[in-house]
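**Q** build the 3D model from these lines:
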Amino acid sequence: MLTGEQVFSQLTAVTDIEESDKTSVMPFCESAAAIINARIRADADESDSRILTAAVSVAYSRYLLIRGAAESDVASLKAGDVTISRSSAPVMQAAENFRKTALADASELLTDDGFLFDCIS
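**A** Residues are numbered from 1 along each chain as shown. Have a look, this model is predicted:
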């Protein structure tokens with residue numbers, strides 16, 4: 001079973017999150033561990049690194065989503081004809097892509113929680 005500590009340790013290894021961020025990031029790590037633990041197939045090797053990577057991706061994307069919502073999405077400075085803009089959208093999109101890819105990579109180890117709606121004719 002994954003723990004929030006394992007997720008946080010890996011998250012600090014692959015992102016700019018540091019040990020000093022632990023208080024604010026740990027709830028996302030614990031939640032991600034619980035989400036992925038609930039989806040691990042009975043016949044899956046729980047030590048497969050794809051499972052930990054999936055949990056890290058879930059924690060990171062949720063953390064960035066909340067952090068992005070709390071911060072101004074777009075900041076800009078205009079001086080005459082020169083405008084400088086900053087947006088968190090590319091970072092959030094990259095985190096979402098990371099999450100989707102990691103979950104796809106671990107799909108054979110996890111149960112599917114997706115929803116399929118189909119029309120019967």
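
**Q** when you work out contacts or count neighbours from here on, use the C-alpha atoms and nothing else.
**A** OK.

**Q** check contacts around Met1.
**A** By C-alpha atoms under 8 Å, 6 or more residues apart in numbering, Met1 lies in contact with Asn37, Glu46.

**Q** before we move on, what about the one 4 residues further on?
**A** By C-alpha under 8 Å, 6+ apart, Glu5 lies in contact with Met26, Cys29, Glu30.

**Q** count of neighbours near the last one?
**A** Summarising burial for Glu30: neighbours were counted as other C-alpha atoms under 10 Å, giving 19.

**Q** right, and Cys29 touches Gln10 too?
**A** No: the criterion here is C-alpha atoms under 8 Å, and Cys29 misses it with Gln10 at 10.0 Å.

**Q** which residues are common contacts for the two?
**A** With C-alpha under 8 Å, 6+ apart, Cys29 and Gln10 have common neighbours Val56.

**Q** neighbour count: these two, which is higher?
**A** The residue with more neighbours, out of Cys29 and Gln10, is Cys29; 30 against 16, by other C-alpha under 10 Å.

**Q** so which bits of stretch 99-118 are buried?
**A** Using 16 or more other C-alpha atoms under 10 Å as the test for burial, stretch 99-118 gives Arg99, Lys100, Ala102, Leu103, Ala106, Ser107, Leu109, Leu110.

**Q** could I get those as TSV with secondary structure, distance to Ala55 and pLDDT?
**A** Shown next, in TSV, are the buried residues of stretch 99-118 (DSSP: H, G, I helix; E, B strand; the rest coil; distance: C-alpha to C-alpha, whole Å; pLDDT from 0 to 100):
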residue	secondary structure	distance to Ala55	pLDDT
Arg99	helix	9	88
Lys100	helix	11	91
Ala102	helix	9	90
Leu103	helix	9	89
Ala106	coil	10	92
Ser107	helix	12	91
Leu109	helix	12	94
Leu110	strand	11	92
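
**Q** dump those residues to CSV, plus distance to Val91.
**A** Below are the buried residues of stretch 99-118 laid out as CSV (distance: C-alpha to C-alpha, whole Å):
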residue, distance to Val91
Arg99, 12
Lys100, 14
Ala102, 16
Leu103, 18
Ala106, 23
Ser107, 24
Leu109, 27
Leu110, 26
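
**Q** show me where this protein has strands.
**A** 74-79, 82-87 (DSSP state E).

**Q** all set now, cheers.
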